[in-house]
Each structure stands twice: as C-alpha cells, then as structure tokens.
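Visitor: Model the structure of this input:
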Amino acid sequence: MPDNELSEREREILRLVATGASNKEIALKLFISANTVKVHLRNIFAKTGVASRTEATLYAIREGLLQIEGTPRTEPDLVAALSPQPSAAATIFPKIETTAISWWRRWGIAIAAFAIALVAMFGLAGAIRQSSLIASASPAPPTARPRWQTRAALPTSRSGLAAAVYENQIYVIGGETAQGATGIIERYDPTSNSWATLPPKPTAVTDVSAAVVGGQIYVPGGRLDSEYVQISDLLEVYDPRQERWSQRTKLPEPLSGYALAAFEGKLYLFGGWNGKGYLNSAYEYDPTRDLWQTLTPMSLARGYAGASVVAGKIFVLGGYDGSQIISLNEAYLPERENGQDTPWLQRAPLPVGRYGMGVASISNIIYVIGGEGDPNTALLPLEYSQEENRWQPFENPFPKQWTFLATIPLGTHIYGIGGRVQNVHTSETRVYQAIYTVLIPAIR
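Guide: This is a model prediction of the structure:
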C-alpha cells in the first residue's frame, strides 16, 4: 500500500470527522481508544497533506468520501434557502424576488445555487490547501510574531523529565533536580499559561519518557540514582482523571534513557541504558493484555535517542553508545514484524550526531531540538520531512546548549520544557509555532 493511501479504518474515521464528531465520539462509535483516534488522525493528516479538521472535511468531500444526506425540501423551503440570510451565504447568492418566480424556475435556481455552492467550496478548499499549511523553516509573514515564544516557567527546574498530553493539558513527570531524581508531577494549561502541582509519582526517576494510551499515561523504568547504576524495571501508570498511580507488568529488563513511542494503542520502547551498558533492544507493550513482547532489535546499540511516529512509521533518531555520538535515523514498521520482512529501514541520517535532544512531530514533519553533540559543532534545531527524506535547520530558540529537555506537540505548537542549559537544570518553557495558517482570499 502506498504511504499516501488511506486505509479503510482511516477512511472510516475521516468520514466521521467530516460529520463533526469529536475524538471521544469517534472512539465510542468504533470501540477504540481516543488516543488511537488521535494516531489515525495524525496519519490521515500526513497522508492527505491537511493541517486541520476543516481541511480534512473539505478533502473528504472533494474525494467523494462523504455523502450529503437529507430529505427533499418543499417549494417554500427552497425559496427560503435562496433568500438573503444574515450569514456568509448572503455574499454568494444574489437576492431573489420570489413572488414572480414560477415553481419550475425556483427548482432550476435551487439546482444552480447548489452547483455554485459546490464550486465555491472546492475553490475554498484549493485556496486553503495552497496557502494554509506552512510547516517548515520558511519565514513567517512579516506581520507574524516570532515563532518561538516564552511561557510560564516550570515550577521545578529539572532535566531528564517525561512529558505527555492529555485533554490539551501537558503533564511533566519525574526528572533530575539538583537534589537527585524526583517524582514531581506538574501540569501545564496552555489556555491560562499556568502550572499546577499534582500527586507525585511513587518512584522517583530520571532519564524517562511518557506516552498516552487509552487515557492513561505510561512511564516505563528510569534511573534511580546519580551513579547510573540503579535502574528501575517498573511500569507505572497515571490516570489523570482519578489522579492516581498504578503498576503494570514489569519491563523485560531495567531500562533508562530509552526512546519511547505510542502507536495503534501500543507502546514501543527502543534501546536505552540498563546500568551496565547500552542496548539495541526493541520491545512492544500491549496494555489490553498487560504483556511485553520482544521485537527485532535496532542495528546499533544506543541510548538517549529520540522517537516519533510519522505516516505509520516509528523513527528512532540519534543516540549515544558509550563511545560514539550517533547520527543514525532508522524507521521501524510494526506491520513488518512477522518473521519474514525486515521491519527496520535506514533513512537520511542526522546532519550531525546528537543525543539527549527533544524530538516531536506535527503533521508529516519531525522536529529535533537541542541535545549533546560535538562541542565544536553548533547543534541547530532541525526538521525532517519523511516524504522528501531530507533534513533542514529552523529557527533557534536561543544560542545556548539545551539538553535533556522534554519536547511535546500540542495543536500546531511544539513545547520545549525543562532540561539543562549550559549543563545547569532549567525551568525554561518555550513554545514553537510549527504550523501557521495564512488565508488568501480567492478572487475569481
């Protein structure tokens, strides 16, 4: 199947999106989790090149995926539909004098008006597709504000922390403070630009990541001490609705500094440090069965890599193997984990090796921010297009070394939170507008 061809499930979800259904409503209707719906939507957006639910709806209509249903209207209804209304429709249709129009002419006008509406709608879709999505390093319009903005500082300065999004709130978990590993949880509300402190994680850890599946935030393993020896094998799960922690089946082995991604309702965990060395291992966790499964390993052992899902692939980027800084970019295809095909594909490597960086994706673009690398080489923020298999730099948040931060996408923005700046724990919270919309009026 070509990368840009929608699966039957994706078509089904796109049809429901076009009806105005929310993620929760779609999940209930299809008996899947809301997070799985989000994953499908991310893939749909990437395959179709749209950046919003509105554009997705227009795409569905244009491709004939949405049937417009309704009962026949009576003759007075048709006249009312063609009469001026206090809405945008009044700028499209001229005022029609109804008293002198015969019944068959009204039907003719109704059909013509419907055709005009379709033409206008498809024209709008074309205009939006041509001008609304800008997810690259291209400069913003002259009137736009800078794409990097500073937000309310993280209450507790720390690095090696995990971050996850649930219901448009960012949850920041664990990490390392000046006093050592912590279990602190703080929640950020983008609407009010404010932080709240929540009940702490039972096990204080650092060098961790988090992922959301089925409305639960999963935090595997982590480093327990400052000597890089004591590593956790616990899988602790946070329920943000109940503000309560629980434990699931332990990891196959103690792990920290791994790369983590959620895809199709499962967790995928790659590499990391087990207290003795760096690993090339790959594991899948199924929350419905509470079961870990060993997968085909990576081609190189590495820790502190980044992972992100784009177009049905899990990209694992960079890392460190104890002696070398790695620039490798491998894509993992879960559907090829069948014992016959090779599930790993090598893609364009990072221009310069790095580890301990922030990695996040929006639409079909992967963003890499900060990290450790060659001290003689500047580590610019990078964006990767999987369609073009190409890297390019984008705007730098500030000319300092930013490492072991939490990076999380939310809406059209990417948040960089905490980490170390010049090797000092920081409370920095910065947000990058990865996608902005420019609507250009179509003049016919």
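Visitor: quick one: R15 is in a helix?
Guide: Yes - according to DSSP: H, G, I helix; E, B strand; the rest coil, R15 belongs to a helix.
Visitor: Show me the helices in this structure, by range?
Guide: Along the chain, counting by DSSP state H, helices occupy 8-18, 23-30, 34-48, 53-62, 75-82, 103-131.
Visitor: Lowest mean pLDDT across those helices, which one is that?
Guide: Per-stretch mean pLDDT for those is lowest at helix 75-82 (a mean of 37).
Visitor: okay, and the helix or strand of this structure with the least pLDDT?
Guide: helix 75-82 (a mean of 37; mean pLDDT, DSSP states H and E).
Visitor: ok, which stretches of the stretch 101-250 of the chain are strands?
Guide: Along the stretch 101-250 of the chain, the stretches classed as strands by DSSP state E, counting those that start in this stretch are 148-150, 162-166, 169-173, 176-177, 180-181, 185-189, 194-198, 211-213, 216-223, 231-239, 244-248.
Visitor: Sheet partners, orientation included, of the last one?
Guide: The strands that strand 244-248 pairs with in its sheet are strand 231-239 (antiparallel) (by DSSP bridges).
Visitor: Tell me what angle the strand it pairs with forms with strand 185-189.
Guide: Between strand 231-239 and strand 185-189, the angle comes out at 40 degrees (axes from the mean of the first three to the mean of the last three C-alpha atoms, to 10 degrees).
Visitor: so how far is strand 231-239 from its chain's centroid?
Guide: How far strand 231-239 lies from its chain's middle: 23 Å, per C-alpha atoms, centre = their mean, to the nearest Å.
Visitor: can you list contacts of it?
Guide: 171, 173, 185, 201-203, 205, 215-224, 244-256, 273-275, 285 (C-beta atoms under 8 Å, 6 or more residues apart in numbering). The C-beta positions use only the backbone N, C-alpha and C, and glycine is treated the same way.
Visitor: confidence score at P220?
Guide: In this model, P220 is scored at 98, pLDDT.
Visitor: May I ask you to confirm that it is in contact with L269?
Guide: Yes - P220 is within contact range of L269, at 6.1 Å (criterion: C-beta atoms under 8 Å).
Visitor: These two: which is more packed in?
Guide: Ranked by neighbour count (other C-beta atoms under 10 Å), P220 and L269 place P220 first, with 29 against 26.
Visitor: ok, so what distance separates that one from Q422?
Guide: Between P220 and Q422 the computed distance is 30 Å (C-beta to C-beta, to the nearest Å).
Visitor: now do T156
Guide: Using C-beta to C-beta, T156 is found at 19 Å from Q422.
Visitor: Can you pick out the residue with more neighbours from these two?
Guide: A count of neighbours by other C-beta under 10 Å puts T156 above the other of T156 and Q422, at 18 against 9.
Visitor: Quick check, pLDDT for that one.
Guide: 97.
Visitor: Residues that sit against both of P220 and L269, list them.
Guide: Common neighbours of P220 and L269, using C-beta under 8 Å, 6+ apart, are L251, L255, Y258, L260, Y285.
Visitor: Show me which of those residues is closest to G49.
Guide: Nearest to G49 among the shared contacts of P220 and L269: L260, at 27.5 Å, using C-beta to C-beta.
Visitor: Which residue, neighbours along the chain excluded, lies closest to the closest one?
Guide: Computed as C-beta to C-beta, 6 or more residues apart in numbering, the closest residue to L260 that is not its neighbour in sequence is S209, at 3.9 Å.
Visitor: Ok, M298 next?
Guide: Using C-beta to C-beta, 6+ apart, the nearest residue to M298 is N280, at 4.4 Å.
Visitor: measure the closest residue to W402 other than its chain neighbours to V237 for me?
Guide: Using C-beta to C-beta, 6+ apart and skipping residues adjacent in sequence, the residue nearest W402 is G370, 3.6 Å away. G370 is 28 Å from V237, where distance means C-beta to C-beta.
Visitor: And those two? Which one has more around it.
Guide: Comparing G370 with V237 by other C-beta under 10 Å, the one with more neighbours is G370, at 26 against 19.
Visitor: Run through the residues that contact that one.
Guide: By C-beta under 8 Å, 6+ apart, the contact set of G370 is G356, M357, G358, L379, P381, Q401, W402, T403, L405, G416, G419.
Visitor: just wondering, since we're on it, how far is it from E63?
Guide: To E63, G370 is 40 Å away according to C-beta to C-beta.
Visitor: what does D290 give?
Guide: Going from D290 to E63 by C-beta to C-beta gives 40 Å.
Visitor: what do you get for R420?
Guide: For R420 relative to E63 (C-beta to C-beta), the value is 47 Å.
Visitor: So for those two, which residue has more residues nearby?
Guide: Between R420 and E63, counted using other C-beta under 10 Å, the more crowded position is R420 (23 against 12).
Visitor: any idea of the pLDDT on the closest residue in space to P297 that isn't next to it in sequence?
Guide: Excluding its sequence neighbours, the residue lying closest to P297 (C-beta to C-beta, 6+ apart) is N280, at 4.4 Å. According to the prediction, N280 has pLDDT 97.
Visitor: Contact partners for V310?
Guide: By C-beta under 8 Å, 6+ apart, the contact set of V310 is R42, A46, S361, N364, I365, I366, Q386.
Visitor: Mind checking which of the residues you listed are in strands?
Guide: S361, I365, I366 (DSSP state E).
Visitor: ok, the first one to E337 distance?
Guide: Translated: S361. Taking C-beta to C-beta, one finds S361 at 21 Å from E337.
Visitor: out of the two, which sits in the more crowded spot?
Guide: Neighbours were counted for S361 and for E337 using other C-beta under 10 Å; S361 has more, 24 against 17.
Visitor: is it true that that one touches A307?
Guide: No - counting by C-beta under 8 Å, S361 sits too far from A307 to count as a contact (9.8 Å).
Visitor: Give me the common contacts of those two.
Guide: Common neighbours of S361 and A307, using C-beta under 8 Å, 6+ apart, do not exist here.
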